[in-house]
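Enquirer: Below are the sequence and a predicted model; questions follow.
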Amino acid sequence: MEHKTRVAVIGAGHAGIEAALATARLGLDTVLFTINLDALANMPCNPSIGGSGKGHLVYEIDALGGEMGYIADKVTLQSRTLNLGKGAAVHSKRVQADRMRYRALMKAAVEAQENLHLVQSEITELLCEETDGKKRVTGVRTHLGEVFLADAVIIAAGTYLDAAVFVGQNSYPSGPDGMLPARGLSASLAAHGVSLLRFKTGTPARVARRSIDLSALEVQAGETGALPFSVRTDAERYAALPDTPCHIVYTNENTHRILRENLSRSAMYSGKIVGTGPRYCPSIEDKIVRFADKERHQLFVEPTGADTDEMYIQGFSTSMPTDVQHEMLRSLQGFERAEIMRYAYAIEYDCADPLQLYPTLEFKDISGLYGAGQFNGTSGYEEAAAQGLVAGINAALKILGREPLILSRDSSYIGTLIDDLVTKGTREPYRMMTSRSEYRLLLRQDNADLRLTELGHRVGLIGAERYAAFLEKRDAIEKETARLSRTVVPPSAQTNAYLDSLGSAKIATGITLAELLRRPELDYEKLTPLDIHRPPLPAAVVTTVGINVKYEGYLRRQRAEVARMARLEEKPLSPDLEYKAIRGLRIEAAQKLAAIRPLSLGQASRISGVNPADISVLLIHLSRE
């Protein structure tokens with residue numbers, strides 16, 4: 001059979017769902033393929049959304065019109081803000097999520113979406129045609145022989161491509177969570193010239209709650225009054241959600257002894273695994289080798305859902321054989337009688353070298369083909385969803401004949417993520433962290449909507465009602481910021497006594513609320529007794545106003561740096577530019593530039609092997625042209 005659609009999306013994980021929802025919501029007939037409908041929106045590893053740097057991505061996904069944050073809010077078991085002991089730039093929301101409800105609600109959202117069709121079928125072949133030496137995607141073929149002709153194809157295959165699972169010396173073809181692997185598509189991609197990498201990741205065992213003595217563990221409570229990820233979520237109702245406690249346990253010398261004695265039995269250390277694993281999420285056996293001086297490692301014991309007995313042991317990922325898994329688990333305090341429900345495993349899979357992509361996430365050499373998620377060499381649900389959303393938007397915009405959406409590094413963490421991938425590439429599963437952004441004070445999670453909602457509205461994923469609410473919030477922030485700057489607190493014995501009680505210097509002359517707020521020991525809440533005419537404001541507005549005022553000088557400095565870099569970003573480079581013909585350009589720089597084909601001088605300046613002198617040569621060339 002032969003079918004016709006506008007967009008075919010391969011894989012219904014976090015990347016594929018955001019891509020398919022975006023193209024369908026922009027009016028294009030879309031088919032979303034998955035090997036198993038029951039694996040849609042699955043969380044095969046950590047049952048959580050957000051985290052350091054990742055929480056920023058979820059807020060940005062929501063600001064652009066994506067779905068992840070809204071569904072995560074609905075299934076929150078516990079919410080915590082990480083890095084509260086540090087500055088506002090690195091505050092990151094993380095929620096413990098009910099993985100079964102997340103899958104169910106996301107599947108319901110996909111099924112209800114107009115223009116979107118779910119199909120359980122494995123894609124084994126990419127169809128392309130070549131005209132005048134240029135290749136263009138034309139569709140896909142399933143394992144049952146059906147052909148779906150399409151104007152654009154988005155590959156969001158996750159960790160399924162030629163995937164193999166490893167447990168000790170045992171290995172077998174398998175996708176995550178016991179699902180079937182995707183066989184055939186890797187060979188088809190390679191035949192079309194797509195360069196593939198081999199990566200590895202892993203997951204800990206799942207343990208029965210009833211077999212753990214939770215009373216022997218540290219309790220890790222969530223925060224109260226948390227703000228949701230999505231502006232679509234009722235903030236007051238969300239803040240009142242009950243908290244499901246998590247727990248903390250530590251490895252000990254006995255745990256480390258067991259691991260050391262069995263290192264040769266680990267799939268990772270026995271040489272069976274050839275794929276490159278994630279640097280920032282190592283297995284427990286890797287930890288005791290790399291950090292041999294550490295007497296213990298912290299582990300987090302987290303529920304995977306409200307209606308299941310399965311507990312996730314974060315930080316205990318391993319590829320050890322089953323007998324060692326039992327022994328090392330039972331060496332932990334409170335786990336003496338632990339029962340494993342699902343064994344830990346490592347998984348290897350194929351993915352694409354992201355240097356083959358434009359910042360739109362379209363393949364440079366195959367028009368209409370896009371990559372997203374772990375297929376692009378990243379790790380994590382949030383990184384995947386962010387790329388899926390951008391790939392879906394750009395596929396739709398290209399079909400509709402509109403300008404592409406390219407997010408800059410100074411606009412978002414999503415822009416930073418994509419720029420890192422397509423400019424620098426990656427040789428290991430890429431993970432987003434706040435330290436990857438040079439503009440992190442500007443790119444806070446509290447102001448994601450201020451940075452990106454305008455773009456989401458322009459693209460067409462933010463409706464009129466939501467856009468009006470955004471304008472109202474932005475106006476409230478501007479008015480409150482102005483009010484703090486002009487409201488003067490006069491000196492008085494009562495005022496000085498209050499300031500002294502907070503460890504803040506007394507005042508001899510009038511001082512504005514904004515000036516008081518910039519004092520390190522004061523914040524918006526502590527100024528309440530001195531701010532008798534304060535208007536009632538939503539918590540989200542208060543948070544952003546407080547940060548903007550307190551860090552005003554630093555923000556001004558970072559905006560100036562953005563303006564300096566913008567001069568390079570605004571100078572376009574043709575993807576067809578003949579770098580070898582440019583006089584004065586070093587051979588290494590010409591080779592790197594020709595391989596990556598940057599779209600701007602700014603992107604060129606971030607390529608490894610291209611130095612400032614090369615950029616000067618390019619500037620001279622552009623001025624002559």
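Expert: Yep, that arrived.

Enquirer: Could you use CA atoms for every contact and neighbour count after this?
Expert: Fine.

Enquirer: Other residues contacting the helix ranked longest in the chain?
Expert: When the chain is parsed with DSSP state H, its longest helix is helix 464-486. Residues outside helix 464-486 that contact it (Cα atoms under 8 Å, 6 or more residues apart in numbering) are 449-450, 453-454, 457, 512-515, 541-542, 544-545, 549.

Enquirer: which helices and strands sit right next to the very next helix or strand once past that helix?
Expert: Using DSSP states H and E, the helix or strand that follows helix 464-486 in sequence is strand 488-489. Under the contact criterion of 3 or more Cα pairs under 8 Å, 6 or more residues apart in numbering; DSSP states H and E, strand 488-489 touches strand 511-512.

Enquirer: Now the nearest residue to V274 once chain neighbours are set aside: which helix or strand?
Expert: Once flanking residues are discounted, V274 sits nearest to R198: 7.6 Å by Cα to Cα, 6 or more residues apart in numbering. Assigned by DSSP H and E, R198 belongs to strand 196-203.

Enquirer: which residues make contact with the next helix or strand along the chain from that strand from outside it?
Expert: As assigned by DSSP H and E, the chain's next helix or strand after strand 196-203 is strand 206-208. Outside of strand 206-208, the residues within contact range by Cα under 8 Å, 6+ apart are 309-313, 338-344.

Enquirer: thinking again about what came up before, please spell out which residues along the longest helix of the chain are buried.
Expert: For helix 464-486, a neighbour-count test (16 or more other Cα atoms under 10 Å) marks 470, 473, 476-477, 480-481, 484-485 as buried.

Enquirer: From the rest of the structure, what touches stretch 616-625?
Expert: Here stretch 616-625 makes contact (Cα under 8 Å, 6+ apart) with 582-585, 601.

Enquirer: Same list (those) but as CSV, adding pLDDT and distance to T203.
Expert: Compiled in CSV, those are given as follows (pLDDT from 0 to 100; distance: Cα to Cα, whole Å):
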residue, pLDDT, distance to T203
I582, 92, 49
R583, 88, 52
G584, 89, 50
L585, 91, 47
L601, 91, 41
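
Enquirer: Narrow these to just the buried residues.
Expert: Neighbour-count burial (16+ other Cα under 10 Å) applied to the contacts of stretch 616-625 gives 585, 601.

Enquirer: Just to be sure, which of the contacts of stretch 616-625 are found in strands?
Expert: Using DSSP state E, the subset of the contacts of stretch 616-625 located in strands is empty.

Enquirer: Return the member of the contacts of stretch 616-625 nearest to L502.
Expert: L601 (50.1 Å; Cα to Cα).

Enquirer: list the contacts for that closest one?
Expert: With Cα under 8 Å, 6+ apart, L601 has these contacts: 568-573, 615, 618.

Enquirer: any idea how far E310 lies from V289?
Expert: Applying Cα to Cα, to the nearest Å, the value for E310 to V289 is 29 Å.

Enquirer: what about the two, which has more around it?
Expert: Higher neighbour count among E310 and V289: E310, with 20 against 14, using other Cα atoms under 10 Å.

Enquirer: Just read off the phi/psi values of the more buried one.
Expert: With angles defined as degrees, to the nearest 10, E310 sits at phi -70, psi 130.

Enquirer: Relative to R209, how far out is it?
Expert: On the measure of Cα to Cα, E310 and R209 end up 6 Å apart.

Enquirer: returning to what we had before: for the longest helix of the chain, give the mean pLDDT please.
Expert: Across helix 464-486, pLDDT averages out at 97.

Enquirer: would you put the C-alpha positions of it in PDB?
Expert: Output in PDB follows, covering the C-alpha atoms of helix 464-486 (Å, rounded to 0.1, in the frame of the first residue of the first chain):
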ATOM      1  CA  ALA A 464      -4.500  34.500  20.900                       C
ATOM      2  CA  GLU A 465      -5.900  33.900  24.400                       C
ATOM      3  CA  ARG A 466      -2.600  32.700  25.800                       C
ATOM      4  CA  TYR A 467      -0.700  35.400  24.100                       C
ATOM      5  CA  ALA A 468      -2.900  38.100  25.600                       C
ATOM      6  CA  ALA A 469      -2.300  36.600  29.100                       C
ATOM      7  CA  PHE A 470       1.500  36.700  28.300                       C
ATOM      8  CA  LEU A 471       1.300  40.400  27.400                       C
ATOM      9  CA  GLU A 472      -0.600  41.100  30.600                       C
ATOM     10  CA  LYS A 473       2.100  39.400  32.700                       C
ATOM     11  CA  ARG A 474       4.900  41.200  30.900                       C
ATOM     12  CA  ASP A 475       3.100  44.500  31.500                       C
ATOM     13  CA  ALA A 476       2.700  43.600  35.200                       C
ATOM     14  CA  ILE A 477       6.500  42.900  35.500                       C
ATOM     15  CA  GLU A 478       7.400  46.200  33.800                       C
ATOM     16  CA  LYS A 479       5.000  48.200  36.000                       C
ATOM     17  CA  GLU A 480       6.200  46.600  39.300                       C
ATOM     18  CA  THR A 481       9.800  47.100  38.300                       C
ATOM     19  CA  ALA A 482       9.100  50.800  37.700                       C
ATOM     20  CA  ARG A 483       7.200  51.100  41.000                       C
ATOM     21  CA  LEU A 484      10.100  49.700  43.000                       C
ATOM     22  CA  SER A 485      12.500  52.100  41.300                       C
ATOM     23  CA  ARG A 486      10.400  55.200  42.200                       C
END
